[in-house]
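Colleague: Sharing a model that was predicted from the sequence below.
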Amino acid sequence: RILIIGVGGIGCELLKNLVKIRFAAIHILDLDTIDVSNLNRQFLFRKAHVGQSKAHVAAAVLKERFPTVEIVSYFKNVKEPECGLAFFAGFDLVFMALDNAEARSHVNELCMLANVPVVEAGTQGYQGQAMLFRRGVTRCYDCYPKPVQKTYAICTIRTFPEKPVHCVIWAKYLFGSLFGENASHEADDFAELLANVLAESGNPVDWKAVGARIAEELYGRQVIALKETAPERFTKVTPLSLAEAAEEGQRFLESFTALSQRKAASGGFSFEKDDDEIISFVTSAANLRARVFSLKTSSNFEVKEMAGNIIPAICSTNAMVAGLEVTEALKLLRMKFALKAADAVEMRNLASNKEQFVWNDPVKKVIEANPTPPNPDCTKCQAKALALVVSADFRQRTLSELLNSIVKTRFGMSGFSVYYGDRLIFEASEYLEEDEVERYAKRGESTLLDLFGNEHEGILLCIDEESSARKKLRVINKVEQVEFGVDEHMTNDEDAISDLMRKVQEHEKSLHAARKKFAKERERQNTMQKAKAVEISLIDDDDEEPPKLQPSESLKRDRTPSHEELAIAEGDGEAKKIIKID
């Protein structure tokens, strides 16, 4: 059972590879719907699919081509409660094909907790990478700090903005499509919208009315259509009219009119951050979209800072990275198979996992490196920082029962503080005042359902009063499970896998040394053979028979002699010239 998260440029290529290899059970998860701009590189989708769920459409297309493969699709956000620890623990392998760091980090944490290997991939123009994250064996996604993201993936910008900068970049695309010298291929639906509105306009064109029609479509009708696809997911998304937007709406119309008249007079023009009219349009368009998605609006100055970093999506890079993801996954699965079978011969033939990097280099496109070891201080993958996973029926068990059974008994804490998020929910200490003791005792009688609400799971941070040691407790709701269940699967075959990888790496080193030794010996033999002087023997037919040439041992071993060499070796009673054999 494998899970693919993200059905974008990499995800489509990855799915193609996996079904061709005939993986038996493939699960697909994506929160996006298909946009016109996706069609030039996400080849599983067609124009008729625009507006539909990427996960559902990808599953339907693949089932039609490969009816024997089991494909399950989920149209939801990976951060939703249903996609918690229990969900991830049900898979043997997870592939990440995501386009933002926050979602990657979330998936990484859950997989490290469930001890499920993750194959991660990403691209940035002509560059990309694919690598395996395995708890206790390699680094995880969050082991080492990453630079702040300065560029933004197109799918995030166009489909569901999560930050104000996504709205700014979207507005810049809108500007390029409506007023640019060459309409962007990534924004051709905007150009099509403008063409349709202009076709219905009179002559001369009322640019203010055209701008109002475009705003009505972008911030009204399209938003309503988006909400209808999944109302429960888009509760904070609200259609917006220019009248409701008041000053920002008026600013949009004025800047749209001015830029349209400029384009009509002198042709299209490129984005320029020092052009006040351009910045005014991009800022107003971005802020209207931000209000639709309940995000913070931006000032002109902030827009100038943000409106420059866009990643081009390169189909060939996506294909290469997806292929490398599958290669690394197959290495891991072969290793697990060899471990279970205890097949020493198979183990010797295994190739160990590598970190694969794609570069725009004319000589070598793919560079591999040995896996980076885990960071001993990582808070996501190291044993000392991992949460203990406990399950129970939230309706039947109380907070006090959880703390007595786990925190006091298993963690050995007598005085401690318990936090849920950034909120202190319980304290046990001999230094508490009487009213505090009563308050916490009453809270301890609350059920876990009262504490966590309708969430499927929750994380508690327990801090020991004496040693300041910290322990994380992840509590999962399992209906009708009366007793607390502690998930012990987190301590499975890590040591065996680590030992196996070490043996494989040692085998690779010895094999490399043997190859070098063989190459040196071969070079030495060739050098000796070439060093022989050319011998010329004029042999009298009456005196003696011509000698026969004895091919060297390396000649006999390496290849068949040519016709010339055989003729010289056999001789025919005439004078012969013995030639050098190269």
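Modeller: Right, received. Where do you want to start?

Colleague: pretty sure residue 234 contacts residue 226?
Modeller: Yes. Between residue 234 and residue 226 there is a contact under Cβ atoms under 8 Å: 6.1 Å. From N, CA and C alone the C-beta is placed, and that goes for glycine too.

Colleague: Just want to know which of those two has more residues nearby.
Modeller: residue 226 (20 against 15; other Cβ atoms under 10 Å).

Colleague: Show the average pLDDT along the helix or strand harbouring that one.
Modeller: Here residue 226, judged by DSSP states H and E, is contained in helix 222-229. Averaged across helix 222-229, pLDDT comes to 86.

Colleague: just the CA coordinates of the following helix or strand past that helix, formatted as PDB?
Modeller: Next helix or strand after helix 222-229 toward the C-terminus (DSSP H and E): helix 242-245. Listed next in PDB are the C-alpha coordinates belonging to helix 242-245 (Å, rounded to 0.1, in the frame of the first residue of the first chain):
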ATOM      1  CA  LEU A 242     -16.600  45.700  -6.300                       C
ATOM      2  CA  ALA A 243     -19.300  47.600  -4.400                       C
ATOM      3  CA  GLU A 244     -18.500  45.700  -1.300                       C
ATOM      4  CA  ALA A 245     -14.800  46.300  -1.800                       C
END
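
Colleague: follow-up on the earlier one: buried set for the helix holding residue 226?
Modeller: 222, 223, 226, 227 (16 or more other Cβ atoms under 10 Å).

Colleague: can you pull the contacts of the last one?
Modeller: It refers to residue 227. 234, 237, 239 (Cβ atoms under 8 Å, 6 or more residues apart in numbering).

Colleague: In this structure residue 452 contacts residue 459, no?
Modeller: No. Using Cβ under 8 Å, residue 452 makes no contact with residue 459, being 9.9 Å away.

Colleague: more crowded one of the two?
Modeller: residue 452 (20 against 16).

Colleague: Could I get the contacting residues of residue 142?
Modeller: Counting by Cβ under 8 Å, 6+ apart, residue 142 has contacts 105, 108, 109, 378, 379, 380, 381.

Colleague: among the residues you listed, which ones are buried?
Modeller: Buried, going by 16+ other Cβ under 10 Å: 108, 109, 378, 380, 381, out of these.

Colleague: Could you dump these into a markdown table with secondary structure, pLDDT and distance to residue 170 added?
Modeller: As requested, the buried ones among the contacts of residue 142 are exported to a markdown table (DSSP: H, G, I helix; E, B strand; the rest coil; pLDDT from 0 to 100; distance: Cβ to Cβ, whole Å):
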| residue | secondary structure | pLDDT | distance to residue 170 |
| --- | --- | --- | --- |
| 108 | helix | 91 | 27 |
| 109 | helix | 87 | 29 |
| 378 | coil | 83 | 35 |
| 380 | coil | 80 | 32 |
| 381 | coil | 82 | 35 |
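
Colleague: for those, which one is nearest residue 425?
Modeller: Minimum distance to residue 425 across these is 21.5 Å, recorded for residue 109 (Cβ to Cβ).

Colleague: thought that closest one was touching residue 380?
Modeller: Yes. Using Cβ under 8 Å, residue 109 is in contact with residue 380, at 5.1 Å.

Colleague: if we can go back for a sec, which one of the contacts of residue 227 is nearest to residue 326?
Modeller: Using Cβ to Cβ, these come closest to residue 326 at residue 234, 33.8 Å.

Colleague: for that closest one, what are its contacts?
Modeller: 226, 227.

Colleague: Ramachandran angles for it?
Modeller: Main-chain dihedrals, residue 234, degrees, to the nearest 10: phi -110, psi 40.

Colleague: What pLDDT does the model give it?
Modeller: pLDDT recorded at residue 234 is 80.

Colleague: Kindly export stretch 403-415 (C-alpha atoms) in PDB.
Modeller: Taking Å, rounded to 0.1, in the frame of the first residue of the first chain, the C-alpha atoms of stretch 403-415 are listed here in PDB:
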ATOM      1  CA  LEU A 403      -2.300  11.200  33.000                       C
ATOM      2  CA  ASN A 404      -2.300   8.500  35.700                       C
ATOM      3  CA  SER A 405      -1.900   5.700  33.200                       C
ATOM      4  CA  ILE A 406       0.800   7.200  30.900                       C
ATOM      5  CA  VAL A 407       2.400  10.300  32.400                       C
ATOM      6  CA  LYS A 408       2.800   9.100  35.900                       C
ATOM      7  CA  THR A 409       3.300   5.400  35.300                       C
ATOM      8  CA  ARG A 410       5.100   5.200  32.000                       C
ATOM      9  CA  PHE A 411       7.000   8.500  32.000                       C
ATOM     10  CA  GLY A 412       7.600   8.300  35.800                       C
ATOM     11  CA  MET A 413       6.600  12.000  36.400                       C
ATOM     12  CA  SER A 414       5.200  12.900  39.800                       C
ATOM     13  CA  GLY A 415       5.300  16.700  39.400                       C
END
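
Colleague: Quick check: what element follows the helix or strand where residue 436 lies along the chain?
Modeller: According to DSSP H and E, residue 436 maps onto helix 434-444. Following helix 434-444 in sequence order, the next helix or strand is helix 448-452 (DSSP H and E).

Colleague: Would you mind listing the buried residues in that next one?
Modeller: Those would be 448, 449, 451, 452, for helix 448-452 by 16+ other Cβ under 10 Å.

Colleague: Any stretches of the protein with poor pLDDT?
Modeller: Low-confidence segments of the chain, defined by pLDDT under 70: 147-156, 182-188, 308-312, 337-351, 383-385, 422, 487-516, 518-519, 526, 529-582.

Colleague: now the strands for the stretch 301-450 of the chain?
Modeller: 355-358, 366-369, 388-392, 416-420, 423-428 (DSSP state E, counting those that start in this stretch).

Colleague: related to what we said a few turns ago, could I get the buried residues of helix 448-452 as a markdown table with distance to residue 137?
Modeller: Listed next are these as a markdown table, based on distance: Cβ to Cβ, whole Å:
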| residue | distance to residue 137 |
| --- | --- |
| 448 | 34 |
| 449 | 38 |
| 451 | 35 |
| 452 | 33 |
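
Colleague: Residue 279: which of those residues is nearest?
Modeller: Nearest to residue 279 among the buried residues of helix 448-452, counting by Cβ to Cβ, is residue 452 at 46.1 Å.

Colleague: Contact partners for the closest one?
Modeller: Residue 452 is in contact with 394, 458, 475, 477, counting by Cβ under 8 Å, 6+ apart.

Colleague: Most neighbours among those, please name it.
Modeller: Most surrounded of the contacts of residue 452: other Cβ under 10 Å gives residue 475, at 28 neighbours.

Colleague: Give me the distance from the helix or strand containing it to the chain's centre.
Modeller: Assigned by DSSP H and E, residue 475 belongs to strand 470-477. How far strand 470-477 lies from its chain's middle: 27 Å, per Cα atoms, centre = their mean, to the nearest Å.

Colleague: Number the chain from 23, please
Modeller: Noted, 23 is the first residue going forward, which turns the last one into strand 492-499.
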